[in-house]
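A.B. asks: Below is the sequence, then the predicted model.
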Amino acid sequence: MKVLYFAWLRERVGRAEEEIEVPAGITTVADLAGWLKAKGGGHAYAFENPAVVRAALDRRHVKPDAPLGDAREIAFFPPMTGG
Amino acid sequence: MKVLYFAWLRERVGRAEEEIEVPAGITTVADLAGWLKAKGGGHAYAFENPAVVRAALDRRHVKPDAPLGDAREIAFFPPMTGG
Amino acid sequence: MSDGLPASETFSVRVQAEPFDAAAEAAALTEGRTDIGAIVTFTGLCRADVKDGVPLAALHLEHYPGMAEEEMRRILDEARARWPLQGARVVHRFGRIVPGEVIVLVVTASPHRGAAFSAAEFLMDWLKTNAPFWKKEERPGRTDDGAWVEAKDADDTAAERWGKALG
Amino acid sequence: MSDGLPASETFSVRVQAEPFDAAAEAAALTEGRTDIGAIVTFTGLCRADVKDGVPLAALHLEHYPGMAEEEMRRILDEARARWPLQGARVVHRFGRIVPGEVIVLVVTASPHRGAAFSAAEFLMDWLKTNAPFWKKEERPGRTDDGAWVEAKDADDTAAERWGKALG
């Protein structure tokens, strides 16, 4: 699965995207965020406060409890500040 | 006193403005409208339904019970439809 | 007032017969400034609507010279008292206006979008009900009183949203 | 997408790095039409604000390519479902934007002013909270995380006025 990071999540993780193999048992967006956080380092720093992290699954906004299903792309980012 | 008419009041009265001598006893906008209506002819037609006639005294919107005071100009017109 | 180039006053109202360039009016308000965050522009146009099968040929806008400008200025002052505006412009045409042409323009500038939107909508609502302009429709074969556009209750309701009447 | 001349699609969204001419975008939407009664244009600009005595040099707009356009299209479709629009255009820039430059443009056209105003405000409120763009401030001497603009609660509140969330 392709994982994208934007804004300060991108800066903290230290990269804009990465390919990951989703482990068995990781079924929701929140599960995946927790698993990424557990990697430590920049990932831990990026996800230190999961409440402020938003996500999109295949380019659609989703809630933390959304199932990953067979999505090919997930993005993590802070609340949007465009407009 | 100068009296101005706009839109269909102007058309009904048959003129855009006229000078009048306000008679004793005519003290409010409504008084004056009633007095003009009593002239008959185009004036009676213009003021046949006083409820739809609006007025301005020296270029400010006023209610029918406003005193004429020492205003120099009064205008009668239908509800506005600009914008 | 109508030499084709919009003047650059920060807050202004104008009544004129000539068409004008809505974009240039908005641009004049903000040119060279870097403190403005939001600009809202409202343009009201003459529509080619059809009534009883007869298309509109033109609108004739009658106005009360002198009072029109004064009332527009009062409405603008009221908007400035209610919202933190950095600039605003109101231009209203009179005379014969054909479908597709601009009738009225409102531009508001503010640090924040909510104020710019609210002020522009307020200005339009109040112009509709308080600025002394009257529309008469020109349609082939119709010249009776019925050609005067009737005021809409909806306009009064829109104006009343903003509280106390101005006049 | 960015050849300088706005395309003439009736409903369109666009994301680009290049500056654009807000007036030309609005004009393209209405050119040659006589059925439109009201046009509302919102322009959001980069402001030269000062924080802790340090002036803003520029904003850097990061976006999620692909999703940005898709989300803007979804927001526009939602506006079309709610109001009788005759045309609408949303343009959002990304990259480095200096004070005085345009960041975002929304144009709505409708037979009636209320719909044009509401749709434009709705589009802006939802763009703020749902379109995947992030602003980072460039100020002399500051490059830490704190330079990312924080989302405002006020924006969420503004978006919530319109009922059910889009995403």
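C.D. replies: Sure thing, it's come through.

A.B. asks: For chain C, which residues score under the pLDDT cut-off?
C.D. replies: C:1-8, C:142-146, C:164-167 (pLDDT under 70).

A.B. asks: how about the strands in it?
C.D. replies: C:11-16, C:38-45, C:50-51, C:54-55, C:58-63, C:87-93, C:95-97, C:102-110, C:133-138 (DSSP state E).

A.B. asks: Take the ones you listed and lay them out in CSV including distance to D:Val104 and mean neighbour count.
C.D. replies: All C-beta spots, glycine's among them, are computed from the backbone N, C-alpha and C. Below are the strands of chain C laid out as CSV (distance: least, Cβ to Cβ, whole Å; neighbours: other Cβ atoms under 10 Å in any protein chain shown):
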stretch, distance to D:Val104, mean neighbour count
strand C:11-16, 25, 19
strand C:38-45, 10, 26
strand C:50-51, 37, 11
strand C:54-55, 38, 12
strand C:58-63, 34, 20
strand C:87-93, 19, 25
strand C:95-97, 32, 16
strand C:102-110, 15, 25
strand C:133-138, 33, 21
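
A.B. asks: Between those strands, which one is closest to chain B.
C.D. replies: For chain B, the closest of the strands of chain C is strand C:133-138, at 2.6 Å, according to Cβ to the nearest Cβ.

A.B. asks: quick check, distance from that closest one to the centre of its chain.
C.D. replies: On the basis of Cα atoms, centre = their mean, to the nearest Å, strand C:133-138 sits 15 Å off its chain's mean C-alpha point.

A.B. asks: check whether that strand contacts chain B.
C.D. replies: Yes: with Cβ under 8 Å from any Cβ of the partner chain as the criterion, chain B is reached by strand C:133-138 at C:133-136.

A.B. asks: Contacts only, for the residue nearest in space to the middle of chain C.
C.D. replies: Centroid check for chain C by Cα atoms, centre = their mean gives C:Val104 as the closest residue, at 3.5 Å. Contact partners of C:Val104, counting by Cβ atoms under 8 Å, 6 or more residues apart in numbering or on different chains, are B:82-83, C:42-44, C:90-93, C:124, C:127.

A.B. asks: re the thing from before, ok, which of the strands of chain C comes nearest B:Val52?
C.D. replies: For the strands of chain C, proximity to B:Val52 was assessed by Cβ to Cβ; strand C:133-138 is nearest, at 12.7 Å.

A.B. asks: relative orientation of that closest one and strand C:102-110 in degrees?
C.D. replies: 150 degrees (axes from the mean of the first three to the mean of the last three Cα atoms, to 10 degrees).

A.B. asks: Check which helices and strands strand C:133-138 is in contact with.
C.D. replies: strand C:58-63 (3 or more Cβ pairs under 8 Å, 6 or more residues apart in numbering or on different chains; DSSP states H and E).

A.B. asks: can you pull the buried residues of the longest helix along chain A?
C.D. replies: Identified as the longest helix of chain A according to DSSP state H is helix A:29-37. For helix A:29-37, the neighbour count (16 or more other Cβ atoms under 10 Å in any protein chain shown) marks A:29-33, A:35-37 as buried.

A.B. asks: mean confidence for that helix?
C.D. replies: Averaging pLDDT along helix A:29-37 yields 98.

A.B. asks: ok, then the element right after that helix?
C.D. replies: Downstream of helix A:29-37, the first helix or strand assigned by DSSP states H and E is helix A:41-46.

A.B. asks: Just confirm yes or no for that next one near chain D.
C.D. replies: No: Helix A:41-46 lies out of reach of chain D by Cβ under 8 Å from any Cβ, never closer than 9.7 Å.

A.B. asks: what does that helix contact?
C.D. replies: Counting by Cβ under 8 Å, 6+ apart, A:5, A:8-9, A:12-14, A:36-38, A:53, A:76 sit against helix A:41-46.

A.B. asks: Of those residues, select the buried ones using a PyMOL command.
C.D. replies: The PyMOL command for the buried members of those (criterion: 16+ other Cβ under 10 Å) is given here:
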select buried, chain A and resi 5+8+9+12+13+36+37+53+76
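
A.B. asks: when you check chain C, which of the contacts of helix A:41-46 turn up near it?
C.D. replies: Applying Cβ under 8 Å from any Cβ to those, none is adjacent to chain C.

A.B. asks: what does chain C have sitting close to chain B?
C.D. replies: Applying Cβ under 8 Å from any Cβ, we find that chain C lies next to chain B at C:44, C:61-64, C:66-67, C:70-71, C:92, C:103-104, C:124, C:127-136, C:145, C:148-151, C:155, C:166-167.

A.B. asks: Try it again at 6 Å.
C.D. replies: Residues of chain C lying near chain B by Cβ under 6 Å from any Cβ of the partner chain: C:44, C:62, C:64, C:66-67, C:70, C:104, C:124, C:127-128, C:131-135, C:145, C:148-149, C:151, C:167.

A.B. asks: Could you point out which of the contacts of helix A:41-46 is nearest to C:Ala81?
C.D. replies: Closest to C:Ala81, out of all of the contacts of helix A:41-46 and judged by Cβ to Cβ, is A:Trp8, at 40.7 Å.

A.B. asks: And what about whichever residue of chain A sits closest to chain D, helix, strand or coil?
C.D. replies: For chain A and chain D, the shortest gap (Cβ to the nearest Cβ) falls at A:Gly82, measuring 2.6 Å. Assigned by DSSP: H, G, I helix; E, B strand; the rest coil, the conformation of A:Gly82 is coil.
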